[in-house]
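K.L.:
below is the sequence, then the predicted model.
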Amino acid sequence: MGFQGIVDLAKQIRQVGRALFRSPGFTFTAVVTMALSMGAITTMFSVIKAVLLHPVPYHAPARLVMLWSVAPRRDIQRNWTSYPDIQDRKRESRSFTEIAAMLRVDTADLTDAVPVERTKVGRVYSEFFSGLGVTPVLGRDWTQEEEDHRAQVAVISHAFWQSHFVGACNAIGASVEIDHKRAVVIGVMPAGFDCPSSETSIWIPLSLISNWPVFLTARQADAFNASARLEPGITWQRAQHEMDSISTGAFLAGSQCGQKTARTMSRSVYVCKPLPFVGQFWGLIPTESLTFSSDRSYSPKRKVDVLPGGRRPMGHRI
């Protein structure tokens, strides 16, 4: 473009600027319309990219579910539950190949870093990774025996591996200090994997949490939920029916034994199907609402939700 072309372009820009200045209403409408259109296009592209180009990094995601509870008396629709309750379902259910408990993801200090860093740490059970069908790209995850013996081990995310170990293979066997407690790195997860919460950088055994022996029997300690994998050929409806039957059987057994409680808490069992949407949203599938008491007695109570088109609404993010 020559000098004359630049002069002509400057004149055109001035003319357009004057026209827009003379019609502020039109200018405002045009700017807002363009902004909304660009936002809508960006959102559509993000969804298409997440669903079609980059699906969730799990094996057979249609067989993955989440186990939740609810406390209707406290108007809590997606509640956490206790570790003993999760273990009861694991022992009594036949619909799942794995049920892995996890603690709420929180932040922790990397106390060996200079300066000290804050990062998200996932405290999960040993079957968590195998249940999702995801294996480390380097090293391994921890075993059931290591979980039981409270081994000081850790698995790190791909992003953490790149930022803190420059992608070096000798990261395996190195150590990280989490809240002044040292853990040995034994595995690196694939790129993009950050379940159960976005930007999770480190995973450690669930048994490493403080006061772990207390949580083993504390049924009112609602700090956990669980991921589970359905057996081949088992639908979530059938799995929910089995869970309802287990709960009803426990209630009848408690009634026959004359069990009484001083304090009860209403809860509902949820089965949640993961959906491959942006940010790893999970579609919730609530069915029976149950009242759980501290001595494991139950009383069923129906909870009806609107089910447009037979699908449950998207809701919870992990």
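P.N.:
Structure's in. What do you need? Numbers count the residues shown, from 1 in each chain.

K.L.:
helices or strands up against the lengthiest helix in the chain?
P.N.:
Taking DSSP state H as the criterion, the chain has its longest helix at helix 24-48. In terms of contacts (3 or more CB pairs under 8 Å, 6 or more residues apart in numbering; DSSP states H and E), helix 24-48 is packed against helix 3-22. (Glycine included, C-beta is placed from N, CA and C.)

K.L.:
next one: the helix it packs on to chain centre, how far?
P.N.:
Per CA atoms, centre = their mean, to the nearest Å, the displacement of helix 3-22 from the mean C-alpha position of its chain is 53 Å.

K.L.:
and stretch 208-223, by the same measure?
P.N.:
Taking the mean C-alpha point of stretch 208-223 and that of its whole chain, the gap between them comes to 20 Å (CA atoms, centre = their mean).

K.L.:
now do stretch 27-40
P.N.:
Mean-position distance between stretch 27-40 and its chain equals 34 Å (CA atoms, centre = their mean).

K.L.:
next: stretch 84-99.
P.N.:
Taking the mean C-alpha point of stretch 84-99 and that of its whole chain, the gap between them comes to 19 Å (CA atoms, centre = their mean).

K.L.:
can you measure across that stretch, start residue to end residue?
P.N.:
End-to-end distance for stretch 84-99: 13 Å, by CA to CA, to the nearest Å.

K.L.:
what's it in contact with?
P.N.:
Counting by CB atoms under 8 Å, 6 or more residues apart in numbering, stretch 84-99 makes contact with 65, 67, 69, 101, 127, 130-131, 216-219, 224-231, 234, 238-239, 242-243, 246, 292, 296, all of which sit outside it.

K.L.:
again, but for stretch 201-209
P.N.:
Contacts with stretch 201-209, where a contact means CB under 8 Å, 6+ apart, come from 101-103, 108, 119-126, 128-129, 141-142, 146-148, 150-157, 159-160, 176, 178, 181, 183, 189, 194, 212, 215.

K.L.:
how about the helices in the protein?
P.N.:
3-22, 24-48, 83-92, 128-132, 144-148, 158-165, 212-215, 236-256.

K.L.:
redo those helices as TSV? Include mean neighbour count.
P.N.:
What follows is the helices of the chain, written out as TSV (neighbours: other CB atoms under 10 Å):
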stretch	mean neighbour count
helix 3-22	10
helix 24-48	11
helix 83-92	18
helix 128-132	22
helix 144-148	13
helix 158-165	18
helix 212-215	13
helix 236-256	16
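
K.L.:
what about those helices, which gets the closest to Glu199?
P.N.:
Proximity to Glu199 (CB to CB) singles out helix 158-165 among the helices of the chain, at 8.3 Å.

K.L.:
got the CA positions of that closest one in PDB?
P.N.:
Once non-C-alpha atoms are left out, helix 158-165 reads as follows in PDB (Å, rounded to 0.1, in the frame of the first residue of the first chain):
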ATOM      1  CA  HIS A 158       1.400 -33.500  33.400                       C
ATOM      2  CA  ALA A 159       1.400 -29.700  33.800                       C
ATOM      3  CA  PHE A 160       3.100 -30.000  37.200                       C
ATOM      4  CA  TRP A 161       5.600 -32.400  35.700                       C
ATOM      5  CA  GLN A 162       6.500 -29.900  33.000                       C
ATOM      6  CA  SER A 163       6.600 -26.800  35.300                       C
ATOM      7  CA  HIS A 164       8.500 -28.300  38.200                       C
ATOM      8  CA  PHE A 165      10.600 -31.100  36.600                       C
END
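
K.L.:
would you mind listing which of the contacts of stretch 201-209 are buried?
P.N.:
Buried members of those, counted by 16 or more other CB atoms under 10 Å: 101-103, 108, 119-126, 128-129, 141-142, 146-147, 151, 153-157, 159-160, 176, 178, 183, 189, 194, 215.

K.L.:
ok, now how distant is the closest residue to Gly139 other than its chain neighbours from Ala35?
P.N.:
Counting by CB to CB, 6 or more residues apart in numbering, Gly187 is the residue found nearest to Gly139 once chain neighbours are left out, at 3.6 Å. For Gly187, the distance to Ala35 under the criterion CB to CB, to the nearest Å works out to 44 Å.

K.L.:
repeat for Asp148
P.N.:
In this view, Asp148 and Ala35 are 56 Å apart by CB to CB.
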